[in-house]
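*Asks:* What follows is a predicted protein model with its sequence.
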Amino acid sequence: MLQIQMGKAKELFSPWGVRPKELTNLVETGVVKTLQAGRGKGSLRLLDEKSIFDVFIAHSLGTLGLPRRRIADLIVHIRPHYREWISEEERIVVFEFKTIKKYWPISPSSILIDLAQVQSLIKTCLSSREGIESIHRGRPARDWRKQFRAVAKSIAKEMNEKGITEEDIDTAIAEVRERRKTRAGKDVTTVVTVPAS
């Protein structure tokens, strides 16, 4: 089980477009459940794998304009699936709504979310546990943010030197997904039916 400090989590989620203030609000309003809730000044709030799913799904639904209260309701319906999603390489969640009411100005009957990004992040965190989970209070002598950015720059430089483009990455991902889809008996979609109000 991962135990990630809020400060580090803010850095990890920024590629998804999650701003630090958004993450703080999601945690404080209970949309994102923490492994350890902070109590009092200077206490730590720790996130685990389930918290990471909460953040990704809440942010994804938030970009569609859903109100925070509604997002919290939807996440409650899907939390029981997190354990299986952590171990899956590919998974898509589809929210299907029983009725259409005032919450849906465009009236979609379903919302699809691809979990590949969140699963990839969790896998990366699990493989780099020592650096990800180390606890830092105050201003550490070594700035982990600089180390994190240095690793990201190193990967980008290597891709540039090898002439790997975003198009190459998209093509490779599409090929892998296509191979996975052709595997018999592999259910990669979770459908969650929820009330629309």
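*Replies:* Ah, there it is.
*Asks:* residue boundaries of the strands in this protein?
*Replies:* Remark: strands assigned in the chain by DSSP state E are 4-5, 46-47, 92-97, 110-114, 189-194.
*Asks:* helices or strands up against the second one?
*Replies:* Secondary-structure packing of strand 46-47 (3 or more Cβ pairs under 8 Å, 6 or more residues apart in numbering; DSSP states H and E): strand 4-5, helix 6-13. (C-beta placed from N, C-alpha, C; glycine too.)
*Asks:* out of the ones you listed, deepest packed?
*Replies:* strand 4-5 (a mean of 22; mean count of other Cβ atoms under 10 Å).
*Asks:* I figured R68 hits V32, correct?
*Replies:* No: applying Cβ atoms under 8 Å, one finds R68 not in contact with V32, separated by 11.0 Å.
*Asks:* So if I had to pick from those two, which one is more boxed in?
*Replies:* A direct count of neighbours by other Cβ atoms under 10 Å for R68 and V32 places V32 higher, at 26 against 15.
*Asks:* show me what contacts the more buried one?
*Replies:* 23, 26, 47, 51, 54-55, 58 (Cβ atoms under 8 Å, 6 or more residues apart in numbering).
*Asks:* Please report the distance of the residue nearest to F95 when sequence neighbours are not counted from P20.
*Replies:* Among residues not flanking F95 along the chain, I111 sits closest, at 4.5 Å (Cβ to Cβ, 6 or more residues apart in numbering). For I111, the distance to P20 (Cβ to Cβ, to the nearest Å) stands at 26 Å.
*Asks:* out of these two, which sits in the busier spot?
*Replies:* With neighbours defined as other Cβ under 10 Å, I111 and P20 compare such that I111 has more, 17 against 14.
*Asks:* surely the more buried one meets L64?
*Replies:* Yes: here I111 reaches L64: they are 6.8 Å apart, a contact under Cβ under 8 Å.
*Asks:* Good, we can wrap up now.
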